[in-house]
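Novice: show me the folded form of this:
(one chain, ligands or ions: 1)
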Amino acid sequence: MDHFGYRQDRLYAEEVPLSAIAERVGTPCYVYSHATLERHYRVFDEAFGDWPHHICFAVKANGNLAVLQVLERLGAGFDIVSGGELARVLAAGGRASNVVFSGVGKSSDEIAKALTAGVRILSIESGEELERVNAVALSLGHKAPIGIRINPDVDPNTHPYIATGLRENKFGVPAADAPELYRKASAMAGIEVVGIGCHIGSQLTEIAPFCDAVERVLDVVDTLAQDDIRLSHLDLGGGVGIRYSDETPPDPKDYVQAILAILKRRNCDLAVTLEPGRAIAGNAGVLLSSVEYIKSGPEKDFVIVDAAMNDLLRPALYQAWHEVVRADRGPDRKMLTCDVVGPVCETGDFIARDRQLAVAPGDLVVVRSVGAYGFVMASNYNTRPRPAEVMVDGDQLYVVREREQTADLFSAETLLP
Ligand SMILES: *Cc1c(COP(=O)(O)O)cnc(C)c1O
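Specialist: Predicted coordinates for the structure are as follows:
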């Protein structure tokens, strides 16, 4: 459920017509809905009832400070994958004690910053990383709270680029190797073993792979208990899918219920952390873009818009499908069978392919479901300034990131003497 909808013939974000935002801020421009972010966060949070839990928004899905601030105010924690994301969370008013630090390639500097800030848990992805975290912690005179990320080897049935819990993926530690690693960790002076976790992929549309993963992680928990290694935190990562077109992703409530049922059946009382990114932010954002030209080709027509792959990479990177609609319906336009493409000099530069769209030059189009993995993947390819970002809250509109200026794009560069 989101708070974007037509009233008569105009598409609104909450109480604000999208065409009014485009007029004021220009295009291309990302627009986020405060009420939608809030609603999606609350569904996860409330599904847990009394069960001890943390909902840690995956910052890599959308790191805008205002988005993080909205979630922080609701009580969210954050899942980060870099020192940069930690800095963002702190700048947005988030507390390090609510942060979990994931990722396969943490540098010594990032580990030190995370420990100094006091993050709740570092997710360990290899024996080598464990050694490094121990060494950094000892050099700082800290004890690093850690959990080991298990690779449960389950197939999430999603795009191969966003499947992360298969044996052949770079993520996590095989379940069979985990007990040995936990024994090592328990003996390290700079390490405090507190948790265990997994994250099997993104845009999952079924509950079953999550359940398989939980069972496998709990098998490890049971093995550890025999060795008297007791944990307090179970982190199940993110991955709940959203509806882009006709997918039927699990309701977060059903997903949480399914997990809690497994925990109860197995007499497990660990606090649960979830790290949803897409499920909270995906349908809370749209991209506004103006039609520049209609170009008729021998095979099909091209609707050339002012947003491109540098603004929204998902179609080029994952062949992702995003709904594209006209912001204001009518006056009547001729229906086109077309590709919606940007100005970037790549054939992979498309927003949508093989669509039926009735638009003309000057019209405003809206690319939906881009609140996650949208702006965060934007680049300056072709020396294009990245778009503005706007947050709508009721009838209020806030520019939460100014459009970049061309001069900013090369201000850090120098000419030779
Ligand atoms: C990407 C990622 C997430 C968020 O995934 P979504 O599919 O956006 O929910 C959570 N945890 C980890 C470790 C991740 O890498």
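Novice: and residue 272, which of the three is it?
Specialist: Here residue 272 is recorded as strand under DSSP: H, G, I helix; E, B strand; the rest coil.
Novice: ok, now which ones touch the nearest residue to it once chain neighbours are set aside?
Specialist: Of all residues not flanking residue 272 in the chain, residue 53 sits nearest, at 4.8 Å (Cβ to Cβ, 6 or more residues apart in numbering). In short, each C-beta sits where N, CA and C put it, glycine included. Going by Cβ atoms under 8 Å, 6 or more residues apart in numbering, residue 53 touches 45, 271-274.
Novice: okay, helices next: where are they in the stretch 201-350 of the chain?
Specialist: 208-226, 252-265, 278-281, 314-318 (DSSP state H, counting those that start in this stretch).
Novice: for the last one, name the packing helices and strands.
Specialist: Other elements packing on helix 314-318 under the criterion 3 or more Cβ pairs under 8 Å, 6 or more residues apart in numbering; DSSP states H and E are strand 350-357.
Novice: the strand it packs on pairs with which strands?
Specialist: Note on strand 350-357: by DSSP bridges, its sheet partners are strand 336-341 (antiparallel).
Novice: got the residues of the stretch 251-400 of the chain near the ligand?
Specialist: 275-279, 372 (Cβ under 6 Å from any ligand atom).
Novice: dump those residues into TSV; add neighbour count and pLDDT as well.
Specialist: Putting these into TSV (neighbours: other Cβ atoms under 10 Å; pLDDT from 0 to 100) gives the following:
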residue	neighbour count	pLDDT
275	27	98
276	27	98
277	24	98
278	26	98
279	28	98
372	27	98
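Novice: need the residues you listed in a markdown table (columns: distance to residue 87).
Specialist: As requested, these are exported to a markdown table (distance: Cβ to Cβ, whole Å):
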| residue | distance to residue 87 |
| --- | --- |
| 275 | 19 |
| 276 | 22 |
| 277 | 18 |
| 278 | 23 |
| 279 | 25 |
| 372 | 20 |
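Novice: can you report phi and psi for residue 160?
Specialist: Reported as degrees, to the nearest 10, the phi and psi values for residue 160 are phi -60, psi -30.
Novice: would you mark the buried spots in stretch 255-273?
Specialist: For stretch 255-273, burial by neighbour count (16 or more other Cβ atoms under 10 Å) applies to 255-257, 259-260, 263, 268, 270-273.
Novice: send the alpha carbons of it over as CSV?
Specialist: C-alpha atoms of stretch 255-273 as CSV (Å, rounded to 0.1, in the frame of the first residue of the first chain):
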residue,chain,number,x,y,z
TYR,A,255,6.3,-13.2,7.0
VAL,A,256,6.9,-12.3,10.6
GLN,A,257,4.3,-14.7,11.8
ALA,A,258,5.9,-17.5,9.9
ILE,A,259,9.3,-16.8,11.5
LEU,A,260,7.9,-16.5,15.0
ALA,A,261,6.1,-19.8,14.5
ILE,A,262,9.4,-21.5,13.7
LEU,A,263,11.1,-19.9,16.7
LYS,A,264,8.3,-20.9,19.1
ARG,A,265,8.3,-24.5,17.7
ARG,A,266,12.0,-24.7,18.3
ASN,A,267,11.9,-23.2,21.7
CYS,A,268,14.1,-20.3,20.6
ASP,A,269,13.7,-17.0,22.4
LEU,A,270,16.4,-14.9,20.6
ALA,A,271,15.6,-11.3,19.9
VAL,A,272,15.0,-10.9,16.1
THR,A,273,16.5,-8.3,13.9
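Novice: what comes into contact with that stretch?
Specialist: Outside stretch 255-273, the residues touching it (Cβ under 8 Å, 6+ apart) are 44, 47-48, 51-56, 77, 100, 195, 197, 207, 210-211, 214-215, 218, 221-222, 231-236, 240, 274.
Novice: which members of these are classed as buried?
Specialist: Among the contacts of stretch 255-273, the ones that count as buried by 16+ other Cβ under 10 Å are 44, 47-48, 53-56, 77, 100, 195, 197, 207, 210-211, 214, 218, 221, 231, 233-236, 240, 274.
Novice: sorry, back to before: now, which of the buried residues of stretch 255-273 sits nearest the ligand?
Specialist: For the buried residues of stretch 255-273, the minimum distance to the ligand (Cβ to the nearest ligand atom) is 9.6 Å, reached by residue 273.
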